[in-house]
Each structure stands twice: as C-alpha cells, then as structure tokens.
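1. Sequence first, predicted model second:
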Amino acid sequence: MKIPPLSFHDFLEEQWDEEEETEEIETVLKVVPPVYHQYLDVFSNVKAEKLPPHRACDHHIELEGLLTPVGVIYSLSNQESETLLAYISENVEKGFIRPSSSSTGAPVLFVKKKDGGLCLCVDYRKLNSVTRKNRYPVPTMNQLINVFNGSTIFSKIDLHGSYNLLRIKEGDEHLTAFRTKYGSYEYLVKPFGLKNGPAYFQNLVKDIFSDFLDISVVVYLDEIKVFSSSEDEHVRQVASVLQRLRDNNLFSKASKCVFHASSVEYLGYVFSRWILQKLITLPDALSHWENVYLERGVDLISKNPQNSHQIIKQHGIKESRFFSIKVEIFSDLVDQIQKEVWQDKDYKEIFKQLERGESVSDYSLEPQAKLLLFKDRMVIQSNEKIQLNILQKHHDSPLAGHPGQEKTLKLIKSNFYWAGMDHSIKEYVSSCQKCPRNKKIHHKKFGLLKPLHIPPGPWNSLSMDLITQFLLHNSVDSTLVVVDRFSKMAIFIPAYRTITSLDLAQIFINHVFSKHGAPVSIVSDRGPLFVSSLWTDLCDKLKISRDLSAYFHPETD
C-alpha cells in the first residue's frame, strides 16, 4: 500500500494547528515514517488536549451504597500550592474540569515524580468503596502473546493522554468532584484513580478495533501493537489503525511510538519473531551508576559515600560468602541453537546447499541470524539441554502457566522443530509433577481409603501376592506368598512367573483349601492373575470376597 508522503509545507497548511510549535512538528516528522505522513494529524498534541466527544462507553459511576461526605482539605506547601493552581488553570482551559457545586468531594494530594516535579492525585478511595465493579474483561499477558507466532515486523502506537480520551457519562460528573483551597472542581474526562477505569477504557479500544483484534492488532488499554509477516502487509495494517484513530477522534504520542521494528517492547516484555523475554531495566540503570567501595570490599551502588552505612543498615547488605562458587553461564538461546546446528553433521550439507542458493525441500535459511528453518520453524539439533530449555520456557515458566500436552505441543511447534518432538514434548508434560497437583479436578472427588478390618479368627481372611524375578532354581523363578492376616502365618509356594489362573486355583486347593478350608475374604492387588474371570468365578462359587487394592496402591496386600 503506497501512501504518498506530504511535504512539510503541505503538512503545515492542511493538517496541523497553528498552535503547534515548529520544533515539535519536525520531531513528529522524524519519528513517523513518510509512508504515514498523511495521518500526521493523529499525532497532534494540541488536538489531543481538546475535550473528547461523548461515546457509548463513557465512564459510568454506578453507586451501590451511600457516598461518604466530603473529605478534608490537606495542608499544602508553597510548591504544592503553585502546582495545584497551575493544574486547575490548565485543565479548566482545556475543558477537562469545571467548577463544581457537588455535595461531595475528594481531597487532593501530591506525589513526587522522578524528575523532582509534583504529580497531583485525587484520593477517590471513599468513592471507589461504594462504586459497583465493572466486570468487562481486560486481557492477560498469556492471551496477548499467543497471537504473535510467525510475525516478523512490529509497530507500537501509544495513545496520547490515555484516560483523558474517555468522557465521564453525562450526569455523573458531580461524583468526581475534588476539593481544594481554590474551590471545588469536577472532571468531564476520566481522571486517574477512579474504579473501573481499565474496564471502560478497554471497552472503548476493543469496540474501535474489534475487526482487527488477534488478526493484525493487539490492544491493551492505551498501547496498540500491530504485527505482520511482511512489509507491504504491515504498511496496510498500520495505515488502517491510524485511519481508525482519526475516525474516532483519538490521538497518539509520537515520541512513544515505534514503527517497522523486528522487535518491540510491550507491557514489560521484548517481542520478536523467535524470542519473548522479560524487559529488565533495573540492571541497565544500575550499570550506569557510580560505585563506592568500602574498605572491606562491599560494593555499594551509590553516588554519595556518606549514605553507604545508612544503606547497609536499612537493607541489610552483607559481604557475600559464595562468590567463589563456579557457575555456568549460558548465552542467548538463539546463539546456542545457531552454534549447535552449524556443527551438526546431519545439517551441514543442507546449510551448504542453501548458502549456494540451491533449493532444499521444506528448508530455508534465515539470512540475519543464519538460522536453519524447516517449514518456517527453527531447526533444533538433537541437544537435550537446548530442548529442555525450550520445554521449560513453554511449559514450566510462570508466563506459560503449565499448559497441557496439546497446547504445549502447539506452542513449541509454531516456532521450533526437531526430530521426534511430539513424543518428547508429550513425555515431558506427562512427567510434570506440578500439573496433576494444581490442575482443576473435573471428576467426582475420591472417597476416603478404608483400612482392612481385623479378622475374627485364623484363616478367616488371607492376603496374597506373587513375587517374581528370582534367580532360576529348578525352573522356579517366582514365589506365591499367602499370609493369614490374623496369626500372620505365611505359606511360601514355589511358582512360575508365567503362572495362569488355572494354576493359581490348583495351588490354593492343594496348599490352602485342603488344609485350612475356604476363607471369607482374600486381599490382593489388581494384577491380571487376580482379576481373571476363572479366579473370580471360583471365589464366587466358594463365597469368598475378593478385596482388591486401591488403584496404584499395590502395597495394600
């Protein structure tokens, strides 16, 4: 889809307000690719700060109790008073708030920002406590990541102002009132801190992008992610998203957007074609801090040495005793796979053919990472360590959530391939100890185990078991053990591992029934010999109760 870019002059005349600063316009033009320049009005800061229209999913505050009377007005410092006055003036001018005569009102307070500034917060806890909860579903991380398989190009569009794009439902504005020493004001747009904010905002964006969801777009609140498998397709999809934003009077902040990337940060994770990894920003930030070394060698991350002892006291930092332990450091999973496959003799010839430009059925070469692909899936060499790593990431990790055999198989097969993978994946999942302990039980609960009753006299109740795999002695390799449960007297009868139910009946007639009579009950496990039809019929004829062990508990006898 080719969209002719606008010239800077045409853009100023046709799409941008005169209030915009030229420097800001130039910044937007640099961030947004030329192919999308006809949608530059979507990135206008001035338009984004105007009062949005009412929509069907305006934020409705439904009360289920009596609203608590007005809150107190907290005392403020000079800096806080100046910030409050500036906030009121700015938002009244935008039309986001207006003077209020509401009989209720929440207090305001301030929280320090990272840059030292102050952020105004309205304390809506009392209002939230009597507000009915909106159960509109907000997607989880697992639901979002499952749709990205096979995508090679990504864009991220961040909405400008987020909650301020959503209006308070007409008639509910008085409930958002907040009290200050400069008067009471109420919101016309949704403020931060109100209960049900995520639910209403997710409802808004899902209604707007409903026909794109899970096909080319994933939306989580104010973050829109577009994913595709080709450049041309991606241009069409991003253009459709920008057009949809324009049609619905929504705006984006260009400085937070990413276009046409092979990997993108999204909701605290880095997404790419082959890798989903958690974004760890703290170690990166710590690496740029100056280190302070105390005389005992404790490395403290602090710019002010005077605070070192306070840090130790507060956090209990101690010198580690275990730095001498050897640890094995693994490189990135993709690097491991690349190295192993290149050294595999079975794939060397395929690599050579593909590098020469020859065609190999079902195989291809990923040019950037030099990865061998089988039907667009990464080929894994028969390395158990790498396969185990992949299995753990797709089944054991908290992000995976221990899915069943079929789901784990589907997740792994969407990106990876190795010989016999179906068998190894199913075997791994079936051997997982945590799955049966934590999975939801769909059958009726098992009853309590009942202990064996104490027999009233000798040879009233017997237990028996066939012990096999002895060393051969006169062709005998097994022993049938019969125990009187009352006197604990035992009979050891030579037998064969291949004994039949007819042989078992003959042994009991010769060694038990002829000497002690028929018992009332016989306890045994559920071996084929003891549940056979002939043995069952014999016990029924003699009115002997067969007490079989519980399933998977053969030790009962």
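-> Looks like it arrived, so ask away.
2. Report the separation between the residue most central in space within the chain and K393.
-> Central residue of the chain (CA atoms, centre = their mean): L399, 3.4 Å from the mean position. L399 sits 8 Å away from K393, going by CB to CB, to the nearest Å. C-betas here are computed from N, CA, C, even on glycine.
3. quick one on the thing from earlier: correct me if wrong: the residue nearest to the centre of the chain contacts M141.
-> Yes. Counting by CB atoms under 8 Å, M141 is a contact partner of L399 at 6.6 Å.
4. What lies in contact with the strand or helix carrying R546?
-> Using DSSP states H and E, R546 maps to strand 545-548. Residues outside strand 545-548 that contact it (CB atoms under 8 Å, 6 or more residues apart in numbering): L452, V520, S521, I522, V523, S524, D525, R526, F530, V531, T536, C539.
5. how far away is the third one from L542?
-> This points to S521. Relative to L542, S521 is positioned 11 Å away (CB to CB).
6. re earlier: what pLDDT, on average, does the strand holding R546 get?
-> This predicted structure assigns strand 545-548 an average pLDDT of 90.
7. can you pull the buried residues of that strand?
-> D547, L548 (16 or more other CB atoms under 10 Å).
8. Give the pairing partners of that strand; include direction for each.
-> Strand pairing for strand 545-548, determined by DSSP bridges: strand 521-524 (parallel).
9. could I get stretch 521-533 in CSV with only the CA atoms?
-> Output in CSV follows, covering the C-alpha atoms of stretch 521-533 (Å, rounded to 0.1, in the frame of the first residue of the first chain):
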residue,chain,number,x,y,z
SER,A,521,-12.0,-62.9,52.1
ILE,A,522,-8.7,-62.7,50.2
VAL,A,523,-6.8,-59.4,49.8
SER,A,524,-4.7,-59.0,46.6
ASP,A,525,-3.5,-56.4,44.2
ARG,A,526,-5.1,-55.9,40.8
GLY,A,527,-2.7,-58.0,38.8
PRO,A,528,-4.2,-59.8,35.7
LEU,A,529,-3.9,-63.1,37.5
PHE,A,530,-6.1,-62.0,40.5
VAL,A,531,-8.8,-60.3,38.4
SER,A,532,-9.2,-63.1,35.8
SER,A,533,-12.6,-64.5,35.1
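10. hmm, who's touching it?
-> Stretch 521-533 is touched from outside by 452, 460-466, 485, 499-501, 504, 535, 539, 544-549, 551, 554, 556-557, with contacts defined as CB under 8 Å, 6+ apart.
11. buried residues in that stretch?
-> S521, I522, V523, S524, D525, R526, L529, F530, S532.
12. Would you mind listing the residues in contact with Q469?
-> Contacts for Q469 (CB under 8 Å, 6+ apart) come out as D477, S478, R497.
13. Return the closest of the residues you listed with respect to F96.
-> R497 (85.3 Å; CB to CB).
14. Dump stretch 455-473 to PDB, restricted to CA.
-> Output of stretch 455-473 as PDB, limited to C-alpha atoms (Å, rounded to 0.1, in the frame of the first residue of the first chain):
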ATOM      1  CA  PRO A 455     -10.200 -60.800  61.100                       C
ATOM      2  CA  PRO A 456     -12.300 -62.600  63.900                       C
ATOM      3  CA  GLY A 457     -10.000 -65.700  63.800                       C
ATOM      4  CA  PRO A 458      -7.300 -67.700  62.000                       C
ATOM      5  CA  TRP A 459      -7.600 -68.300  58.200                       C
ATOM      6  CA  ASN A 460     -10.700 -66.200  58.000                       C
ATOM      7  CA  SER A 461      -9.000 -63.500  55.900                       C
ATOM      8  CA  LEU A 462      -5.900 -64.000  53.700                       C
ATOM      9  CA  SER A 463      -3.600 -61.800  51.700                       C
ATOM     10  CA  MET A 464      -1.600 -63.000  48.800                       C
ATOM     11  CA  ASP A 465       1.000 -61.700  46.300                       C
ATOM     12  CA  LEU A 466       3.200 -63.200  43.600                       C
ATOM     13  CA  ILE A 467       6.800 -62.300  43.900                       C
ATOM     14  CA  THR A 468       8.700 -62.700  40.600                       C
ATOM     15  CA  GLN A 469      12.100 -62.300  39.000                       C
ATOM     16  CA  PHE A 470      14.000 -64.600  41.300                       C
ATOM     17  CA  LEU A 471      17.100 -66.500  40.200                       C
ATOM     18  CA  LEU A 472      16.100 -69.700  38.500                       C
ATOM     19  CA  HIS A 473      16.200 -72.800  40.700                       C
END
